[in-house]
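*Asks:* fold the stuff below for me.
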Amino acid sequence: MNASEHTLTVSISEFKANCLRLSADVAKTGRKLIVTRYGKPLVEIAPVNAPRSLVGSVTYLCSDEELMSPQPIEWNASL
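*Replies:* Numbers count the residues shown, from 1 in each chain. Sure thing, here's the model as predicted:
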């Protein structure tokens, strides 16, 4: 399967008339959409990637006491 099979091309007038349906199709299928004006590419619409999971991102553990203990630095919250 080549890239053109993953991309839908529509004119700007068709996009204007069917924006919601075409945007929903991009989100559902993951297929990019090229909007053209006078046959030339104008914009590319692509689905948003899901945010990366934070599971496993912590590389070290600390105890509850360590986490909640006062820090040796002074600070002023009113600044």
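*Asks:* spatially central, which residue of this protein would that be?
*Replies:* Within the chain, the residue whose C-alpha comes closest to the C-alpha centroid is V48; the distance, by C-alpha atoms, centre = their mean, is 3.3 Å.
*Asks:* secondary structure element for the spatially closest residue to that residue that is not a sequence neighbour?
*Replies:* Of all residues beyond its chain neighbours, the one nearest V48 is A27 (7.8 Å), with distances taken as C-beta to C-beta, 6 or more residues apart in numbering. To be clear about C-beta, it is placed using only N, CA and C from the backbone, and glycine gets the same treatment. Under DSSP states H and E, the secondary-structure element containing A27 is helix 19-29.
*Asks:* returning to that earlier point: state the distance from the residue nearest to V48 to H6.
*Replies:* Per C-beta to C-beta, to the nearest Å, A27 is found 14 Å from H6.
*Asks:* do G56 as well
*Replies:* Following C-beta to C-beta, the distance that separates G56 from H6 is 30 Å.
*Asks:* helix or strand with the lowest mean pLDDT in the chain?
*Replies:* Within the chain, no helix or strand scores below helix 64-68, which has a mean of 80 by mean pLDDT, DSSP states H and E.
*Asks:* what about D64, how many neighbours?
*Replies:* D64: 7 surrounding residues under other C-beta atoms under 10 Å.
*Asks:* show me what contacts it?
*Replies:* With C-beta atoms under 8 Å, 6 or more residues apart in numbering as the criterion, no residue contacts D64.
*Asks:* can you check the pLDDT for W75?
*Replies:* In the prediction, the pLDDT value recorded for W75 is 77.
*Asks:* burial of it, as a residue count?
*Replies:* Neighbourhood size, W75 [other C-beta under 10 Å]: 6.
*Asks:* what helix or strand is it on?
*Replies:* Assigned by DSSP H and E, W75 belongs to no helix or strand.
*Asks:* neighbours around S11, how many?
*Replies:* Other residues lying near S11 total 14 when counted by other C-beta under 10 Å.
*Asks:* over to the one 10 residues further on?
*Replies:* The number of residues packed around R21, counting by other C-beta under 10 Å, is 8.
*Asks:* from E14, how far out is it?
*Replies:* R21 is 10 Å from E14, by C-beta to C-beta.
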